[in-house]
Structure formats: structure tokens, C-alpha cells
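**Student:** I would like to see how this sequence folds:
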Amino acid sequence: MFELLVALSGPLMPPPRLPVAVVVVSLDDATQGQIRYGRWTVEAVGDETGSFAFTPPPLEEAAFRACLDDELERAATCARFYIGHNNAREARPPVVVVLLADAATDDEFKTGQLQAACVGVGEAATNPGRQTIKLWPDAARMHGVNDLTADRNAMTGCIAAAGAESGW
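**Tutor:** Prediction:
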């Protein structure tokens, strides 16, 4: 019976990719290896197999230079200000700023973690638990695809929650 339903429904199409303009900002205290991994993770969710269709952002990373801070929360507040200050709140597709910073390790087996905060156009995060995440740059070398997939899924959720601030 299931086969009949599948045959009648035709070929399964992947869900449409959400358009979003992403700016990645590296905060001062993160190491180069961590930043490369963070940027790679962002790029992976915007490639042809990812959930998003990235478009050029109306703001460059340099627009957020004043937001470099040791505290991720202050940097996120600053990024929200600059999104509004540069009239990007009404931009379509929505603008999401991904801040990358060194993270305190919460797992003795996962040293060298990277913290990411995804900031959208709203006055506050719509889903703070999804908009601040930890990534593990050694995932590929140590444990392979499971941790890579977990990091990619976390980044997808982070960007989606920040994009939802625009009323997507």
C-alpha cells in the first residue's frame, strides 16, 4: 500500500532553500583554526545541499568592526544596533550576522570549542537557546561525521532562528 502511495505522489522534491544574507564576524579571541571551521560550517549550510540559499549581504564584515568584544552577548547587542543603524532591518532576504568566538569547554573530551551567536534584525533573539551554539572544530579529526552533522544542524537552527526575527 505504501509503495502505491509513493508511486502516485510522484518524485519527492527537496524542500525549498530559504534565502538569507549572512555576514560572518570573527571576534578577536578565537584562533584561526576555530574560525576556519566556523566559517566552513556556515558555508556548508548555504551550499547546494544546505537549507539556505545565501545571497550577498547589504553589509560587509567591516560594518561590525566596532562589535569586536570578549563577551559574546555584548557583541550580539552591538551587531543588532548596527543592523538597525545601517537600515538593514527591512532588507529582503533577511540579514543574519554570525559571530564566532572562542568558547569555554563544557566537555573534557571536546577541548577547543567555538561559540557562535546568530543575530537577526529583531530587538532580541526569538529563540536564545538556538541562537547561541557551540561547535567543535576537532570533530572531523576525532569522531567523524556524527559531530560534523551535529555542528551543521546546530548552525542551521541558529541561522533559521535569527532569520525568523525578520518575520520570514
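**Student:** switch to C-alpha atoms for all contacts and neighbour counts from now on
**Tutor:** Noted.
**Student:** ok so V24 is a strand residue?
**Tutor:** Yes: secondary structure of V24 (DSSP: H, G, I helix; E, B strand; the rest coil): part of a strand.
**Student:** beta partners of it?
**Tutor:** V98 (DSSP bridges).
**Student:** surely D70 meets S26?
**Tutor:** No: using CA atoms under 8 Å as the test, D70 is too far from S26 to be in contact (11.1 Å).
**Student:** can you pull the pLDDT of L8?
**Tutor:** pLDDT recorded at L8 is 52.
**Student:** where does the protein dip in pLDDT?
**Tutor:** 1-13, 28-30, 105-111, 139-144, 167-168 (pLDDT under 70).
**Student:** which residues in it form strands?
**Tutor:** Along the chain, the stretches classed as strands by DSSP state E are 18-26, 52-55, 95-102, 114-119, 132-135.
**Student:** more neighbours: D70 and S26, which one.
**Tutor:** S26 (25 against 14; other CA atoms under 10 Å).
**Student:** if we go by neighbour counts, what in stretch 42-50 is buried?
**Tutor:** Counting neighbours by 16 or more other CA atoms under 10 Å, one finds that the buried residues in stretch 42-50 are V42, E43, A44, V45, G46, G50.
**Student:** alright, I will stop here.
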